[in-house]
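> have a look at this fold, sequence not included:
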């Protein structure tokens, strides 16, 4: 299956989401296996539900789990223009292995256009602005047609992710609601790797070379002994690119 590059494949339906009801469903799913949380999301929000992945090990595990439930589950990713060669190769392997229903979103400006407009190495001079243009804005476009967004976050990855639950109701910048689904919220890194190894799931070969989290090549490095899992991103200067923080959790 060819990888499509689309600007905006769907239009948002704007369904009403009852925050209290979702909190009750999240409580019911608390402690359930990731596959059960995935099955709930794919059943209740199809066809306006998709998995996002940057092809980290968690995203690869989710793709394997989800395609066992729905082989045509929607998956989207953002090609920032700064992806490692190994990441591009992994993307092709996943598409081939799972006949993946993948949509690739791109920034509005190519890397050369961004450099002409904002200067060279914006990722060094203003990494937040670079992430906003190359990651957050394309992700916001990808979410426009969705009622539920499945992501591979874990509570133990960072302080900013420690409060996630199986289902969270998020507020988009325009005030509309979106259900964010975290099937792996309670898993550890060891749990993810156990699943990947047990199920022969493809993963980024950089993870065998000292990398623990892989993003854009200018802002990612291998980590040293004793460093945190995400210490190799932005050289520890920040913990998030903004994809998972540009929306706030709705009040209960």
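The structure has been received and is ready for your questions. Computed from a prediction, not measured in an experiment: that's the story for all the values here.
> helices of the chain, residue ranges please.
Per DSSP state H, the chain carries helices over the ranges 19-29, 34-45, 57-69, 85-98, 111-118, 122-125, 127-131, 137-142, 189-198.
> ranking those helices by burial, who's on top?
With neighbours defined as mean count of other C-beta atoms under 10 Å, the helices of the chain peak in mean count at helix 57-69, which reaches a mean of 22. (C-beta placed from N, C-alpha, C; glycine too.)
> circling back: can you put the helices of the chain in TSV and add distance to residue 246?
Below are the helices of the chain laid out as TSV (distance: least, C-beta to C-beta, whole Å):
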stretch	distance to residue 246
helix 19-29	19
helix 34-45	21
helix 57-69	19
helix 85-98	22
helix 111-118	19
helix 122-125	18
helix 127-131	10
helix 137-142	7
helix 189-198	25
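> relative to residue 216, which of those is closest?
Closest to residue 216 of the helices of the chain, according to C-beta to C-beta: helix 122-125, at 6.9 Å.
> returning to what we had before: could I get the helices of the chain as CSV with mean pLDDT?
Formatted as CSV, the helices of the chain follow (pLDDT from 0 to 100):
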stretch, mean pLDDT
helix 19-29, 93
helix 34-45, 97
helix 57-69, 98
helix 85-98, 98
helix 111-118, 98
helix 122-125, 96
helix 127-131, 97
helix 137-142, 97
helix 189-198, 97
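> so which of those helices is nearest residue 166?
Nearest of the helices of the chain (C-beta to C-beta): helix 19-29, 4.1 Å.
> I'd say residue 114 and residue 108 touch.
No. Applying C-beta atoms under 8 Å, one finds residue 114 not in contact with residue 108, separated by 9.3 Å.
> overlap in contacts of those two?
residue 133 (C-beta atoms under 8 Å, 6 or more residues apart in numbering).
> nearest to residue 163 among the helices of the chain would be which one?
Nearest to residue 163 among those is helix 19-29 (12.1 Å), distances taken as C-beta to C-beta.
> how big is the angle separating the closest one from helix 34-45?
150 degrees (axes from the mean of the first three to the mean of the last three C-alpha atoms, to 10 degrees).
> run through who's touching helix 19-29.
By C-beta under 8 Å, 6+ apart, helix 19-29 touches 36-37, 40, 165-169, 177, 179, 250-252.
> name the residues that touch stretch 131-143?
Here stretch 131-143 makes contact (C-beta under 8 Å, 6+ apart) with 7-8, 50, 52, 76, 78, 80-82, 103, 105-109, 114, 149, 172-173, 178, 216, 241-243, 246.
> please list only the buried members of those.
Applying 16 or more other C-beta atoms under 10 Å to the contacts of stretch 131-143, the neighbour count classes 50, 52, 76, 78, 80, 82, 103, 105-107, 109, 114, 149, 178, 216, 241, 243, 246 as buried.
> show me these that map onto strands.
Taking DSSP state E as the definition of strands, these contribute 50, 52, 76, 78, 103, 105, 149, 178.
> CSV for those, including distance to residue 198 and pLDDT?
Shown next, in CSV, are these (distance: C-beta to C-beta, whole Å; pLDDT from 0 to 100):
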residue, distance to residue 198, pLDDT
50, 25, 98
52, 24, 98
76, 26, 98
78, 29, 98
103, 29, 98
105, 31, 98
149, 27, 98
178, 32, 95
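> adding distance to residue 24 as columns, could you present these in CSV?
Shown next, in CSV, are these (distance: C-beta to C-beta, whole Å):
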residue, distance to residue 24
50, 24
52, 25
76, 29
78, 33
103, 32
105, 33
149, 20
178, 18
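> between those residues, which sits nearest residue 210?
residue 78 (24.4 Å).
> who are the contact partners of the closest one?
Taking C-beta under 8 Å, 6+ apart, one finds 54, 104, 105, 106, 107, 134, 135, 138, 139, 142 in contact with residue 78.
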